[in-house]
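[1] here you go, sequence then predicted model.
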Amino acid sequence: MQTRVSSPVIVALDYDNADSALAMADRLDPQLCRVKVGKELFTAAGPQLVRELVARDFQVFLDLKFHDIPNTVAAAVRAAAELGVWMVNVHASGGSRMMRAAMKALEEFGESKPLLIAVTVLTSTAPEELAETGVARPLQDQVLALAGLAQRSGLDGVVCSAREAQLLRAASGGDFALVTPGIRPSGSAADDQRRVVTPEQALEWGADYLVIGRPITAAAEPAVALREILEEIA
Ligand SMILES: O=c1ccn([C@@H]2O[C@H](COP(=O)(O)O)[C@@H](O)[C@H]2O)c(=O)[nH]1
């Protein structure tokens, strides 16, 4: 049985090796945050690293953003569930048949099934950049449409910017998780993010979870940076 975590913060462990990721995890308290394993770390360190984080009592968000044919995505989320992760994701633009297949694959895990969420529009995408991907409508409309598709496909929530949280909360109701990267405490560099929001504002607008990487992991004292964020939002 894993520790219950009341904190909304998910720390992104974006490292190119297991030792660095585990060293950072050891500076964090699994009761004060969850952790996220993304494409860089998973490609470098593989499933064993995920198992080690789970064994350290962390709830793990496996952020591999699957986007493939339904059979492949269903098998991939099943493999993620077997690792004991708390949350896993796909791209909503993969479509409803793909998302439904992924949900179905998780049925066999019953109560211990991970949350399955879908990426809408990446937080690194600026509104003016969306058109170059072939999407002509405004960014908020695209986020709303993809979130609606994910919800109708039975998913547990979406990844979006907190800038869209109010709109999505109104459209989706309360029981749909809004997971928001692109979080920047005031005064922090935006880096490659384009739709950033402060932790406090994100929660006020209806975000459920705050994905935070560099503002914590690149801080001189990551545990202090996390604590300051938690105090700001308390
Ligand atoms: O739309 C998205 C989806 C995922 N991410 C991931 O979140 C973290 C953010 O890290 P920061 O250092 O706080 O920018 C990173 O792992 C991304 O891959 C996202 O930023 N936006």
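    That came through fine.

[2] nearest spatial neighbour of residue 211, skipping sequence neighbours?
    residue 181 (3.9 Å; CB to CB, 6 or more residues apart in numbering). For the C-beta atoms, the positions are set from N, CA and C on the backbone; glycine is no exception.

[3] next one: residue 63
    Per CB to CB, 6+ apart, closest to residue 63 is residue 38, 4.5 Å.

[4] please apply the same query to residue 48.
    In this structure, residue 48 finds its nearest non-sequential neighbour in residue 18, 7.4 Å apart by CB to CB, 6+ apart.

[5] OK, contacts around the one you found?
    41, 44, 45, 48, 49, 52 (CB atoms under 8 Å, 6 or more residues apart in numbering).

[6] separation between it and residue 175?
    Look at residue 18 and residue 175: by CB to CB, to the nearest Å, they are 36 Å apart.

[7] can you check residue 16 too?
    Here residue 16 is placed at a distance of 37 Å from residue 175 (CB to CB).

[8] these two: which is more packed in?
    Shown here are residue 16 and residue 175; by other CB atoms under 10 Å, residue 16 has more neighbours (11 against 8).

[9] ok, back up a step: could I get the contacting residues of the residue nearest to residue 63?
    By CB under 8 Å, 6+ apart, the residues touching residue 38 are 12, 13, 14, 63, 64.

[10] so residue 137, which state does it fall into?
    coil (DSSP: H, G, I helix; E, B strand; the rest coil).

[11] what does the one 3 residues further on give?
    Per three-state DSSP, the secondary structure class of residue 140 is helix.

[12] mind checking pLDDT for the residue nearest the centre of the chain?
    Closest to where the C-alpha atoms of the chain average out (CA atoms, centre = their mean) is residue 179, at 5.4 Å. Listed pLDDT for residue 179 reads 99.

[13] nearest residue to it in space, please, no chain neighbours.
    Once flanking residues are discounted, residue 179 sits nearest to residue 209: 4.5 Å by CB to CB, 6+ apart.

[14] the one you found touches residue 183, doesn't it?
    No: judged on CB atoms under 8 Å, residue 209 makes no contact with residue 183 at a distance of 9.7 Å.

[15] what residues are up against the residue of the chain positioned farthest from its centre?
    Most distant from the centre of the chain: residue 136, at 25.8 Å, with distances by CA atoms, centre = their mean. Going by CB under 8 Å, 6+ apart, residue 136 touches no other residue.

[16] excluding chain neighbours, what is closest to residue 206?
    With sequence-adjacent residues excluded and distances taken as CB to CB, 6+ apart, residue 206 is closest to residue 169, at 3.6 Å.

[17] helix, strand, or coil at that neighbour?
    helix.

[18] tell me the phi and psi of residue 159?
    Main-chain dihedrals, residue 159, degrees, to the nearest 10: phi -100, psi 130.

[19] tell me what it is bridged to.
    Legend: beta-bridge partners of residue 159 under DSSP bridges are residue 119, residue 179.

[20] any idea how far it lies from residue 90?
    Between residue 159 and residue 90 the computed distance is 10 Å (CB to CB).

[21] my guess is residue 47 contacts residue 85. True?
    No: between residue 47 and residue 85 there is no contact under CB under 8 Å: 9.9 Å.
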